[in-house]
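Pasting the sequence and the predicted coordinates here, then a few questions.
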Amino acid sequence: YIGFWTAMSHWGMTEQIPLTIFVATTKRKRPVEYGGQTFRFITISKAKFFGFIEEAIDGQTFRISTREKTIADALVFPRYCGGMSEVIRAMWTSRKDLNWRRVLHTTKQMGVEVALRRLGFILRLLRLEPAISNSLARRRWYGLRFFDPCGPKKALAYSKDFGLILNLTAAKLTSWRR
């Protein structure tokens with residue numbers, strides 16, 4: 001299915017138009033050039049290969065991740081979505097179009113704990129869905145994980161509630177709001 005930054009663009013979650021079409025697949029494939037576009041295949045496990053629908057453009061149908069799965073994929077694989085700053089912007093932009101309970105369920109189904117930590121932290125940062133953020137903050141997290149794996153490997157602060165090493169400042173993460 002079409003996913004990641006390409007799906008974020010399709011759903012209007014970002015103003016960025018990716019030059020690469022990102023495609024989720026369960027089998028390794030090399031990038032392909034077709035019609036002036038680069039298709040990059042991101043290999044994911046069969047357990048994570050769900051949450052897509054069929055869409056049509058110009059009479060052609062294709063599979064694309066749902067809005068909620070797009071966010072869950074972005075929380076797990078931020079490097080294919082422009083990093084956590086772009087993921088946060090996408091969550092804010094699409095806040096009225098997302099079913100947040102479904103985002104939580106889909107993120108849990110992905111089975112990647114750090115994605116849940118990131119979700120809780122971002123919801124708290126953006127002051128969205130306090131019930132979900134608070135329920136994630138009450139969990140017992142073991143060990144610390146970097147908030148943005150694409151960012152610098154330097155701790156600027158820590159989030160005890162979500163067990164995160166904050167390697168980007170809140171101001172930098174939300175600078176687009178100004």
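Perfect, thanks for sending it.

okay, and for the chain, where does confidence drop off?
For the chain, the stretches with pLDDT under 70 are 178.

give the contact list for Arg95.
Residues near Arg95 by C-beta atoms under 8 Å, 6 or more residues apart in numbering: Leu126, Leu128. C-beta coordinates here come from the backbone N, C-alpha and C atoms, glycine included.

now swap in Ile44 and tell me
Ala24, Thr25, Thr26, Phe77.

which SS state does Phe41 fall under?
strand (DSSP: H, G, I helix; E, B strand; the rest coil).

To clarify, my last question referred to Ser85.
helix.

first to last residue in stretch 60-69, what's the distance?
Terminal residues of stretch 60-69 are spaced 22 Å apart (C-alpha to C-alpha, to the nearest Å).

Only C-alpha atoms, please: export the strand or helix carrying Leu119 in CSV.
For Leu119, the enclosing helix or strand under DSSP states H and E is helix 113-125. Extracted in CSV, the C-alpha atoms of helix 113-125 (Å, rounded to 0.1, in the frame of the first residue of the first chain):
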residue,chain,number,x,y,z
GLU,A,113,6.2,0.4,22.4
VAL,A,114,8.1,3.6,21.5
ALA,A,115,5.3,4.6,19.1
LEU,A,116,2.9,4.6,22.0
ARG,A,117,5.3,6.8,24.0
ARG,A,118,5.6,9.2,21.1
LEU,A,119,1.8,9.3,20.7
GLY,A,120,1.2,10.2,24.3
PHE,A,121,3.9,12.8,24.4
ILE,A,122,2.7,14.5,21.2
LEU,A,123,-0.9,14.5,22.3
ARG,A,124,0.1,16.2,25.5
LEU,A,125,2.4,18.6,23.7
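
just the strands in this structure please.
Ranges of strands in the chain, per DSSP state E, are 20-25, 32-34, 37-43, 52-57, 60-65, 145-146, 157-159, 164-166.
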